[in-house]
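# Structure of the sequence below:
(one chain, ligands or ions: 1)
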Amino acid sequence: MINWATKYDYLGNYNRVPEEPCTVCSKKITPEYSAEQSYFTLYGLPLFALGVKYFKVCDACSAKLKARASDGNLREVKRVIPGKIKLKYVWGWIVLLPAIAGIILLILEIKNS
Ligand SMILES: [Zn+2]
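Coordinates of the predicted model:
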């Protein structure tokens, strides 16, 4: 059975943004933006960085919303908390590539004998 999952890493938060109305409670609020890096894992080995998701949390009603491209503050938040591709999100290949190469070599050896 193939065991894969998407995992999330907290990247940071930012709340020095101008006030904006909350789409849930309609109050004028200073939302707290936060960012999460998601990555794909196979058998617990990280293989691909999938992208950064930006959220904002209303400081009045605590609603957690996905930040949209139409948010005026998102550009600033992306500048402060950029997504980075780190070895942490792809190191599974170090384990997986030799394993795949080993299997291919084994198949070739069986075919040739
Ligand atoms: Zn709200």
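
# Just give the number of residues close to the residue nearest to Lys56 when sequence neighbours are not counted.
Leaving aside its chain neighbours, Lys56 sits nearest to Pro31 (4.0 Å; criterion: CB to CB, 6 or more residues apart in numbering). C-beta: built from backbone N, CA, C; applies to glycine. By other CB atoms under 10 Å, the residues close to Pro31 number 25.

# where's Pro31 relative to the ion, distance?
Distance, Pro31 to the ion, using CB to the ion, to the nearest Å: 8 Å.

# wait, doesn't that residue sit right on Ser62?
No: here Pro31 does not reach Ser62: they are 10.6 Å apart, not a contact under CB atoms under 8 Å.

# re earlier: so who does the residue nearest to Lys56 touch?
By CB atoms under 8 Å, 6 or more residues apart in numbering, the residues touching Pro31 are 15, 17, 20, 22, 56-59, 73.

# Report the entries of the residues you listed that also contact the ion.
Under the cut-off given by CB under 5 Å from the ion, the ion has 22, 58 from the contacts of Pro31 close to it.

# what would the contacts of Pro31 look like in a markdown table with pLDDT and neighbour count?
Formatted as a markdown table, these follow (pLDDT from 0 to 100; neighbours: other CB atoms under 10 Å):
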| residue | pLDDT | neighbour count |
| --- | --- | --- |
| Asn15 | 93 | 14 |
| Val17 | 92 | 18 |
| Glu20 | 90 | 15 |
| Cys22 | 93 | 19 |
| Lys56 | 94 | 28 |
| Val57 | 95 | 17 |
| Cys58 | 95 | 20 |
| Asp59 | 93 | 13 |
| Asn73 | 89 | 20 |
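
# Return the subset of the contacts of Pro31 lying in strands.
Using DSSP state E, the subset of the contacts of Pro31 located in strands is 20, 56-57.

# Write out the residues of the protein neighbouring the ion.
The chain comes close to the ion at residues 22, 24-25, 58, 60-61, 63, as judged by CB under 5 Å from the ion.

# hmm, try it at 8 Å
For the chain, the residues found near the ion under the criterion CB under 8 Å from the ion are 22-27, 29, 58-63.

# of those residues, buried ones?
Neighbour-count burial (16 or more other CB atoms under 10 Å) is assigned, among the residues of the chain next to the ion, to 22, 29, 58.
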